[in-house]
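**Student:** Dropping a prediction and its sequence here:
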Amino acid sequence: MPVSDSTAAVGDSAHTGGVADADERSAVSRTSQVVRQLRRNSASRVGLYVIGLVTLVALVTTIDADLFDYQFAATFWYHPENDPAGSTILLPPVGIENSFGTGTWAHPLGTDHRGRDVLVRLVYGTRIAVQVGLIATGIGMTIGTVVGAVSGYYGGWVDDVLQRFVESLYAIPFLILVIAIMSAFGRELGIAIIGVSITTIPVFTRLIRSQVLSVREMEYVEAAKAAGVRDRHIIFRHIIPNSFAPVLVQSTLQVGVNILIVASLSFLGFGVQPPTPSWGQMLAHSRQYMIVNPWFSLWPGLAILATVVGFNLLGDGLRDAIDPRSND
């Protein structure tokens, strides 16, 4: 190679490295600014507190269920799956009286149609909601981000093939698609997670693709191409990190959507099967008792509402912090 060509190559490489370092410093600065904006936003703080509480409860019940086989609940409250001895069915919350009796501190939120403590089942149902919501969103976001980045970066026939696949998923109503998958492969929790994650892939694919179409024209991408950097490195080192902010916002909102999906599946008899508790299943069981004991349906409904609103508040706060113009 002539000296002039070698010098030019080295210059391009140095320029690319300098741009990358500048991008890293800029990313750190943007992250600090986003954190400050979130701390100033009262709504996002409320959402973060709700999410933190729900996640903590889910972690505690997961550890307890896996390591101690519900012994904590069985010792200090009541077993979340079986009927406690001597219990009374459909008791109201503490201090309230209905035709089945008066609520006591032994069952602060009352009992269900089989005499099981509602509070215990509500707490253990948190584990299923958070597990499916977070894992399904993470899988869908990962696959959708990679597919969308590849589609937007290469364009041409690659873009056409991948987008036709995404559109075929969009054409099927998400709830029907998940039910069809679970009917074919089983109603286990793992199948529910896979089904929900498949419905999430198109959302992130189209979102990241729209960002990549503009990012791929940036100067630092052109500099990396001129320096002979591989496409794989460009996509994962430059394209995706600089297109990821909207994906982060959408992932927060999508967790709430996925929690609603899994609650709908449990309500319809899919997903987690009895006697393992889940919020949607508790709502389904409470339908025929809403007149005699409306409290039975109130608590799982409030749990779903609070969790979904918490993720939406955090997502809105992230969107405002990342793009202040969204308030205009």
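**Tutor:** Yep, it's here.

**Student:** all contacts plus neighbour counts: C-alpha atoms, from now on.
**Tutor:** Noted.

**Student:** residues contacting Pro300?
**Tutor:** Contacts here follow CA atoms under 8 Å, 6 or more residues apart in numbering; on that basis Pro300 touches Leu122, Trp279, Gly280, Met282, Leu283.

**Student:** Can you say which helix or strand has the first one in it?
**Tutor:** Element membership of Leu122, judged by DSSP states H and E, is helix 118-154.

**Student:** Which positions in the next helix or strand after that helix come out as buried?
**Tutor:** Per DSSP H and E, the first helix or strand lying C-terminal to helix 118-154 is helix 156-170. By neighbour count on 16 or more other CA atoms under 10 Å, the buried set for helix 156-170 is Asp159, Leu162, Gln163, Val166, Leu169, Tyr170.

**Student:** where along this structure do the strands fall?
**Tutor:** In the chain, the segments counted as strands under DSSP state E are 97-98, 101-102.

**Student:** And the residue lying closest to Gly103 once chain neighbours are set aside, how close does it get to Phe100?
**Tutor:** Closest residue in space to Gly103, ignoring its immediate chain neighbours: Val94 at 3.9 Å, by CA to CA, 6 or more residues apart in numbering. Counting by CA to CA, to the nearest Å, the gap from Val94 to Phe100 is 13 Å.

**Student:** same thing with Val249?
**Tutor:** 47 Å.

**Student:** Same drill for the two, tell me which one is more crowded.
**Tutor:** More crowded of Val249 and Phe100, by other CA atoms under 10 Å: Val249, with 19 against 13.

**Student:** Name all residues that make contact with that one.
**Tutor:** Taking CA under 8 Å, 6+ apart as the test, what Val249 contacts is Gly315, Asp316, Leu318, Arg319.

**Student:** one more time with 7 Å, if that's ok
**Tutor:** Gly315, Leu318, Arg319 (CA atoms under 7 Å, 6 or more residues apart in numbering).

**Student:** ok, these vs Gln211, which is closest?
**Tutor:** Nearest to Gln211 out of the contacts of Val249 is Arg319 (CA to CA; 15.1 Å).

**Student:** burial count for the closest one?
**Tutor:** 22.

**Student:** Going forward, the N-terminal residue is numbered 37.
**Tutor:** Will do, 37 is the new start, and the previous item becomes Arg355.

**Student:** Find the nearest non-adjacent residue to it, please.
**Tutor:** Of all residues beyond its chain neighbours, the one nearest Arg355 is Val285 (5.9 Å), with distances taken as CA to CA, 6+ apart.

**Student:** And the one you found, how close does it get to Gly226?
**Tutor:** Using CA to CA, we find Val285 at a distance of 25 Å from Gly226.
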